[in-house]
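Colleague: Compute the structure for the input listed below.
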Amino acid sequence: MHALKNGIYGFLAKLLAPWQHLLLTLGHKTDGLGHDSFVPVRELHAHDRSDILGHLLALESADRYLRFGYCAQDAQIEGYVQHLDFARDRVYGIYNRKLQLIAMAHLAYGQEQESKRCAEFGGSVLAHWRGRGLGAQLFARAQLHARNDGIDLLFIHALSENTAMLHIAQRAGARVERLGSESDAYLALPTATVQSHLSEAVDAQIADTDYQLKAQAQHFWALLGRVSGSHRVQPADK
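Modeller: A predicted model of the protein is given here:
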(Lines give C-alpha, C1' and ligand atoms only; values in the text may rest on other atoms or scores of the structure.)
Protein backbone atom coordinates (compact mmCIF):
# COMPACT_ATOMS: atom_id res chain seq x y z
CA MET A 1 0.00 0.00 0.00
CA HIS A 2 2.90 2.37 0.74
CA ALA A 3 4.24 1.82 -2.78
CA LEU A 4 0.78 2.43 -4.22
CA LYS A 5 0.45 5.66 -2.27
CA ASN A 6 3.82 6.96 -3.46
CA GLY A 7 2.99 5.92 -7.03
CA ILE A 8 -0.25 7.88 -7.01
CA TYR A 9 1.42 11.02 -5.67
CA GLY A 10 4.18 10.66 -8.23
CA PHE A 11 1.65 10.39 -11.05
CA LEU A 12 -0.31 13.42 -9.86
CA ALA A 13 2.88 15.45 -9.53
CA LYS A 14 3.50 14.94 -13.25
CA LEU A 15 0.19 16.67 -13.98
CA LEU A 16 1.54 19.90 -12.50
CA ALA A 17 3.17 22.53 -14.67
CA PRO A 18 6.96 22.03 -15.08
CA TRP A 19 7.76 25.07 -12.95
CA GLN A 20 5.52 23.76 -10.17
CA HIS A 21 7.20 20.36 -10.27
CA LEU A 22 10.60 22.08 -10.10
CA LEU A 23 9.56 24.03 -7.00
CA LEU A 24 8.45 20.84 -5.25
CA THR A 25 11.77 19.19 -6.15
CA LEU A 26 13.69 22.15 -4.74
CA GLY A 27 11.56 21.99 -1.63
CA HIS A 28 12.45 18.35 -1.07
CA LYS A 29 16.15 19.10 -1.46
CA THR A 30 16.07 22.01 0.97
CA ASP A 31 13.88 20.33 3.60
CA GLY A 32 15.84 20.28 6.86
CA LEU A 33 13.44 18.20 8.92
CA GLY A 34 15.32 14.97 8.35
CA HIS A 35 12.11 13.07 7.54
CA ASP A 36 10.69 11.45 4.42
CA SER A 37 7.54 13.60 4.31
CA PHE A 38 7.67 17.15 2.96
CA VAL A 39 5.09 19.48 4.45
CA PRO A 40 5.62 23.11 3.43
CA VAL A 41 4.12 25.95 5.45
CA ARG A 42 1.05 27.42 3.79
CA GLU A 43 -0.49 30.79 4.58
CA LEU A 44 -4.08 30.41 5.75
CA HIS A 45 -6.99 32.73 5.03
CA ALA A 46 -10.55 33.38 6.17
CA HIS A 47 -11.92 30.44 4.19
CA ASP A 48 -9.62 28.16 6.21
CA ARG A 49 -11.31 28.95 9.55
CA SER A 50 -12.90 25.50 9.74
CA ASP A 51 -9.47 23.85 9.39
CA ILE A 52 -8.02 26.09 12.09
CA LEU A 53 -10.94 25.38 14.42
CA GLY A 54 -10.66 21.64 13.84
CA HIS A 55 -6.95 21.74 14.64
CA LEU A 56 -7.32 23.70 17.88
CA LEU A 57 -10.28 21.66 19.10
CA ALA A 58 -8.20 18.52 18.56
CA LEU A 59 -5.65 19.73 21.12
CA GLU A 60 -5.82 18.00 24.47
CA SER A 61 -6.45 20.00 27.66
CA ALA A 62 -2.77 20.23 28.60
CA ASP A 63 -1.87 21.41 25.09
CA ARG A 64 -4.62 24.03 25.11
CA TYR A 65 -3.24 25.28 28.40
CA LEU A 66 0.24 25.70 26.91
CA ARG A 67 -1.07 27.27 23.71
CA PHE A 68 -3.39 29.86 25.26
CA GLY A 69 -2.02 30.18 28.78
CA TYR A 70 -5.25 28.87 30.27
CA CYS A 71 -7.46 25.80 29.91
CA ALA A 72 -9.41 27.05 26.90
CA GLN A 73 -12.87 25.52 26.49
CA ASP A 74 -14.42 24.79 23.09
CA ALA A 75 -16.51 27.97 23.13
CA GLN A 76 -13.44 30.10 23.88
CA ILE A 77 -11.51 28.51 21.05
CA GLU A 78 -14.44 29.07 18.69
CA GLY A 79 -14.46 32.73 19.68
CA TYR A 80 -10.73 33.03 19.11
CA VAL A 81 -10.97 31.53 15.62
CA GLN A 82 -14.00 33.63 14.72
CA HIS A 83 -12.15 36.84 15.61
CA LEU A 84 -8.92 36.09 13.76
CA ASP A 85 -8.08 39.15 11.66
CA PHE A 86 -6.57 37.82 8.43
CA ALA A 87 -6.25 41.32 6.98
CA ARG A 88 -3.96 42.48 9.79
CA ASP A 89 -2.30 39.28 11.06
CA ARG A 90 -0.85 36.23 9.36
CA VAL A 91 -1.79 32.61 10.04
CA TYR A 92 0.27 29.67 8.79
CA GLY A 93 -0.39 25.96 8.67
CA ILE A 94 1.08 22.60 7.79
CA TYR A 95 -1.13 19.92 6.25
CA ASN A 96 -0.59 16.20 6.00
CA ARG A 97 -1.54 14.17 2.94
CA LYS A 98 -5.14 13.86 4.11
CA LEU A 99 -5.38 17.68 4.23
CA GLN A 100 -5.58 17.63 8.00
CA LEU A 101 -4.10 20.73 9.59
CA ILE A 102 -1.48 19.18 11.86
CA ALA A 103 0.34 22.37 12.88
CA MET A 104 -0.50 26.06 12.80
CA ALA A 105 0.86 29.41 13.92
CA HIS A 106 -0.55 32.88 14.45
CA LEU A 107 1.63 35.91 13.78
CA ALA A 108 -0.24 38.71 15.54
CA TYR A 109 0.66 42.33 14.80
CA GLY A 110 0.62 45.04 17.47
CA GLN A 111 -2.49 47.21 17.36
CA GLU A 112 -1.14 50.18 19.30
CA GLN A 113 0.90 52.81 17.48
CA GLU A 114 3.98 52.26 19.64
CA SER A 115 3.94 48.52 18.89
CA LYS A 116 3.32 48.68 15.16
CA ARG A 117 6.79 47.30 14.44
CA CYS A 118 6.37 44.31 16.77
CA ALA A 119 4.62 41.00 16.23
CA GLU A 120 3.81 38.08 18.53
CA PHE A 121 4.15 34.41 17.56
CA GLY A 122 2.04 31.56 18.90
CA GLY A 123 1.77 28.04 17.57
CA SER A 124 0.65 24.48 18.15
CA VAL A 125 1.36 21.00 16.76
CA LEU A 126 -0.87 17.96 17.17
CA ALA A 127 0.61 15.43 19.60
CA HIS A 128 1.17 12.68 17.01
CA TRP A 129 3.26 15.00 14.82
CA ARG A 130 5.63 16.44 17.40
CA GLY A 131 9.37 15.86 17.36
CA ARG A 132 9.62 16.48 13.61
CA GLY A 133 10.68 20.13 13.63
CA LEU A 134 7.30 21.44 12.51
CA GLY A 135 7.15 24.12 15.21
CA ALA A 136 10.57 25.43 14.19
CA GLN A 137 9.48 25.45 10.55
CA LEU A 138 6.40 27.50 11.42
CA PHE A 139 8.52 29.94 13.41
CA ALA A 140 11.00 30.33 10.55
CA ARG A 141 8.18 31.04 8.08
CA ALA A 142 6.60 33.64 10.38
CA GLN A 143 10.00 35.15 11.07
CA LEU A 144 10.71 35.54 7.36
CA HIS A 145 7.40 37.25 6.68
CA ALA A 146 7.73 39.58 9.67
CA ARG A 147 11.19 40.59 8.52
CA ASN A 148 9.97 41.32 5.00
CA ASP A 149 7.02 43.28 6.37
CA GLY A 150 9.24 45.72 8.26
CA ILE A 151 8.83 44.21 11.73
CA ASP A 152 11.78 44.92 14.01
CA LEU A 153 10.96 42.64 16.92
CA LEU A 154 9.33 39.22 17.04
CA PHE A 155 8.36 37.98 20.49
CA ILE A 156 6.75 35.02 22.20
CA HIS A 157 4.86 35.20 25.47
CA ALA A 158 4.54 31.71 26.91
CA LEU A 159 4.26 29.77 30.12
CA SER A 160 7.72 28.91 31.44
CA GLU A 161 6.76 25.24 31.34
CA ASN A 162 6.27 25.49 27.57
CA THR A 163 9.87 24.48 27.04
CA ALA A 164 9.34 23.35 23.45
CA MET A 165 8.20 26.81 22.32
CA LEU A 166 10.94 28.60 24.25
CA HIS A 167 13.56 26.21 22.86
CA ILE A 168 12.47 27.05 19.31
CA ALA A 169 12.90 30.75 20.05
CA GLN A 170 16.30 30.25 21.68
CA ARG A 171 17.57 28.20 18.75
CA ALA A 172 16.58 31.08 16.45
CA GLY A 173 18.68 33.46 18.55
CA ALA A 174 15.99 34.98 20.75
CA ARG A 175 16.67 36.37 24.20
CA VAL A 176 14.49 34.66 26.80
CA GLU A 177 13.45 36.33 30.04
CA ARG A 178 11.80 34.13 32.65
CA LEU A 179 9.42 35.80 35.10
CA GLY A 180 8.22 33.03 37.37
CA SER A 181 5.49 31.00 35.70
CA GLU A 182 5.69 33.04 32.49
CA SER A 183 8.47 33.81 30.01
CA ASP A 184 9.05 36.24 27.16
CA ALA A 185 11.32 35.60 24.19
CA TYR A 186 12.55 38.51 22.06
CA LEU A 187 14.08 38.15 18.60
CA ALA A 188 15.44 41.21 16.80
CA LEU A 189 14.92 40.87 13.07
CA PRO A 190 17.36 42.06 10.39
CA THR A 191 16.40 44.38 7.57
CA ALA A 192 14.71 42.73 4.60
CA THR A 193 16.71 42.07 1.44
CA VAL A 194 15.91 41.11 -2.12
CA GLN A 195 16.93 37.56 -1.22
CA SER A 196 14.60 37.41 1.78
CA HIS A 197 11.67 38.60 -0.33
CA LEU A 198 12.51 36.06 -3.01
CA SER A 199 12.76 33.29 -0.41
CA GLU A 200 9.31 34.09 0.94
CA ALA A 201 7.80 34.16 -2.55
CA VAL A 202 9.31 30.76 -3.38
CA ASP A 203 8.20 29.28 -0.04
CA ALA A 204 4.65 30.49 -0.60
CA GLN A 205 4.50 29.06 -4.11
CA ILE A 206 5.91 25.70 -2.99
CA ALA A 207 3.28 25.50 -0.23
CA ASP A 208 0.42 26.34 -2.60
CA THR A 209 1.65 23.82 -5.16
CA ASP A 210 2.05 21.14 -2.51
CA TYR A 211 -1.48 21.79 -1.24
CA GLN A 212 -2.82 21.55 -4.79
CA LEU A 213 -1.12 18.18 -5.23
CA LYS A 214 -2.58 16.87 -1.96
CA ALA A 215 -6.05 18.09 -2.94
CA GLN A 216 -5.77 16.27 -6.27
CA ALA A 217 -4.72 13.10 -4.44
CA GLN A 218 -7.68 13.40 -2.06
CA HIS A 219 -10.00 13.72 -5.04
CA PHE A 220 -8.44 10.63 -6.63
CA TRP A 221 -8.91 8.51 -3.49
CA ALA A 222 -12.51 9.68 -3.18
CA LEU A 223 -13.22 8.61 -6.76
CA LEU A 224 -11.48 5.28 -6.23
CA GLY A 225 -13.53 4.74 -3.06
CA ARG A 226 -16.79 5.34 -4.92
CA VAL A 227 -15.77 3.02 -7.75
CA SER A 228 -14.78 0.22 -5.36
CA GLY A 229 -17.76 0.85 -3.11
CA SER A 230 -15.57 1.40 -0.06
CA HIS A 231 -13.76 4.38 1.46
CA ARG A 232 -11.18 2.14 3.09
CA VAL A 233 -8.93 2.15 0.04
CA GLN A 234 -7.28 5.41 1.10
CA PRO A 235 -3.97 4.66 2.84
CA ALA A 236 -3.37 5.83 6.38
CA ASP A 237 -1.19 8.90 6.76
CA LYS A 238 1.71 8.32 9.13
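
Colleague: Can you identify each of the helices in the chain by residue range?
Modeller: In the chain, helices defined by DSSP state H lie at 2-14, 18-30, 49-57, 61-68, 74-82, 134-148, 163-171, 194-228, listed in chain order.

Colleague: what angle separates the longest one from helix 134-148?
Modeller: The reference is to helix 194-228. 130 degrees (axes from the mean of the first three to the mean of the last three Cα atoms, to 10 degrees).

Colleague: Can you list the helices and strands that helix 194-228 packs against?
Modeller: Helix 194-228 sits against helix 2-14, helix 18-30, strand 42-44, helix 134-148, with contacts defined as 3 or more Cβ pairs under 8 Å, 6 or more residues apart in numbering; DSSP states H and E. From N, CA and C alone the C-beta is placed, and that goes for glycine too.

Colleague: switch to 10 Å and redo it
Modeller: On a contact count with 3 or more Cβ pairs under 10 Å, 6 or more residues apart in numbering; DSSP states H and E, helix 194-228 meets helix 2-14, helix 18-30, strand 42-44, strand 90-95, helix 134-148.

Colleague: List the buried residues of that helix.
Modeller: 196, 200, 203-207, 209-210, 213-214, 216-217, 221 (16 or more other Cβ atoms under 10 Å).

Colleague: How far off centre is that helix?
Modeller: 14 Å (Cα atoms, centre = their mean, to the nearest Å).

Colleague: give me every residue that touches residue 174.
Modeller: Residues near residue 174 by Cβ atoms under 10 Å, 6 or more residues apart in numbering: 121, 139, 143, 153-156, 166, 168, 184-188.

Colleague: So for residue 12, what's the pLDDT?
Modeller: We have a pLDDT of 45 for residue 12.

Colleague: now do residue 27
Modeller: For residue 27, pLDDT reads 48.

Colleague: same question, residue 111
Modeller: 77.

Colleague: Low-confidence ranges, this structure, go.
Modeller: 1-39, 112-116, 220-238 (pLDDT under 70).

Colleague: Let's see the distance spanning stretch 61-79 from one end to the other.
Modeller: 17 Å (Cα to Cα, to the nearest Å).
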